[in-house]
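Asker: Any chance you could fold what I've pasted below:
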Amino acid sequence: MKARLLLIAALAVTLAPLTASAQISGDGSAAWVSNPDFSEGVGIRLGNLEFHPSAGAEFGYDSNYFRAAPSEGVIDVFRLRLTPSFTLSTLRDVRRNATTPPNFNFASSAYGSYHEIFPAGSEQLAGSNKRSFGGGVDAKVDVFPARKVGFDLEASYARILGTDGSSDDLAGDGFNRGTALGGGGVTWRPGGGLFEWRVGYRGTYHYFENSIYDSLTNAQHDINSRGRWRFLPRSALMFDTHYILVRYTQGGTPQTDGDIVRARVGFHGLVTYHLALLGLVGWSASFYRPHDGSLEARQFDSVTAQTEARWFLQSRPNLDAASATTGLSSVAVATCARSTTATTARSIRVTAAICSSACSF
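Answerer: Presented below is the predicted three-dimensional model:
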């Protein structure tokens with residue numbers, strides 16, 4: 001049983017995206033909820049900087065909370081998340097009062113989040129830790145963000161709450177972990193920015209709060225590329241690729257080092273002033289190498305897909321295809337799927353979120 005838990009936790013770190021990490025989106029907003037749409041408003045001007053205090057809430061339904069295959073026992077839940085945060089950044093376009101774009105952008109943020117889950121007609125979560133707290137800090141520097149060639153640097157730390165596995169795995173600290181991240185990239189924007197291509201590197205260090213998972217301490221090296229082509233004012237074709245090296249740092253660990261390859265292509269844009277659509281499809285594969293005393297290497301080789309339909313309660317006449325819109329309330333329905341030759345795990349999430357009046361500061 002212990003070996004199974006170790007394997008599940010390892011896959012949670014290496015195969016699953018870090019949706020709870022404190023990353024900064026393309027417009028500098030902190031991803032303190034699953035979508036950063038609600039993290040900022042106009043802000044408070046402090047000289048040449050802006051300060052954004054915020055508070056938000058999410059409530060939704062998840063049809064497969066643990067991303068389990070049907071044979072593993074699917075558990076559906078209602079989810080609540082409350083999140084205060086603040087962001088400090090250089091002046092945005094609305095306050096700069098200048099026609100030329102800046103040569104330097106900076107943004108930093110800190111956030112906390114309270115999570116609560118409510119079983120939806122299932123008693124399988126009885127005795128599990130259904131209440132948890134997370135948080136993080138991050139910073140990003142973007143140099144020459146509108147020129148033909150620019151570069152960026154980022155750093156962050158986050159306490160991530162792990163939910164992959166089964167209800168039995170949430171006893172104690174579960175898969176909760178700390179993640180430190182640093183990286184940067186170079187972006188090429190020919191043709192006035194209609195086409196954009198970025199190549200970058202990101203290094204991540206994971207450690208687990210539960211001592212029984214010390215052998216899962218690892219470092220990841222992500223060599224990545226992403227791009228977009230704006231073919232309409234409010235729409236774009238998008239692509240991203242990743243080559244990730246996973247290396248475990250503890251001597252004698254039963255885990256297997258390996259490499260992961262991911263590639264996706266899709267569309268993001270406004271169909272009407274209220275409706276935005278996102279669709280991505282691609283392929284992911286892992287190449288783990290077993291060694292003496294390690295767990296059996298289990299590979300992942302499958303089609304992956306993501307779709308989202310988002311309805312803005314207020315009319316939105318434009319949408320940056322590289323990042324989510326801030327300061328607008330919306331309702332979204334999203335689906336994610338991964339399939340293998342053995343099992344298929346699917347989930348449907350429906351979430352509504354609002355921000356407090358602090359977002360309009």
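Asker: Near residue 61, how many other residues are there?
Answerer: 16 (other CB atoms under 10 Å). Heads up, the C-betas are built off the backbone N, CA and C, glycines and all.
Asker: where does this protein dip in pLDDT?
Answerer: For the chain, applying pLDDT under 70 flags the ranges 1-42, 94, 121-130, 162-174, 291-295, 316-330, 338-347, 351, 353-361.
Asker: So what sits opposite residue 337 in the bridge?
Answerer: For residue 337, the beta-bridge partners are residue 305, residue 346 (DSSP bridges).
Asker: Thought residue 284 was touching it, still the case?
Answerer: No. Using CB atoms under 8 Å, residue 337 is not in contact with residue 284; the gap is 11.8 Å.
Asker: For the stretch 101-250 of the chain, which segments are assigned as strands?
Answerer: 104-119, 131-143, 149-160, 177-188, 195-208, 218-232, 235-248 (DSSP state E, counting those that start in this stretch).
Asker: Now do the contacts for residue 78.
Answerer: 59, 60, 61, 62, 117, 118, 120 (CB atoms under 8 Å, 6 or more residues apart in numbering).
Asker: which secondary structure element contains it?
Answerer: strand 77-90 (DSSP states H and E).
Asker: From residue 352, how far out is residue 112?
Answerer: 21 Å (CB to CB, to the nearest Å).
Asker: Neighbours of residue 105, how many?
Answerer: Counted with other CB under 10 Å, the burial measure for residue 105 works out to 21 neighbours.
Asker: ok, what's across the strand from it?
Answerer: Going by DSSP bridges, residue 105 is paired in beta bridges with residue 142.
Asker: shouldn't it be in contact with residue 90?
Answerer: Yes. Proximity of residue 105 to residue 90 meets the contact threshold set by CB under 8 Å, at 5.4 Å.
Asker: Is it correct that residue 297 falls within a helix?
Answerer: No. Assigned with DSSP: H, G, I helix; E, B strand; the rest coil, residue 297 falls outside any helix and is coil.
Asker: still on that earlier bit, of the contacts of residue 78, keep whichever come out buried.
Answerer: 59, 60, 61, 62, 117 (16 or more other CB atoms under 10 Å).
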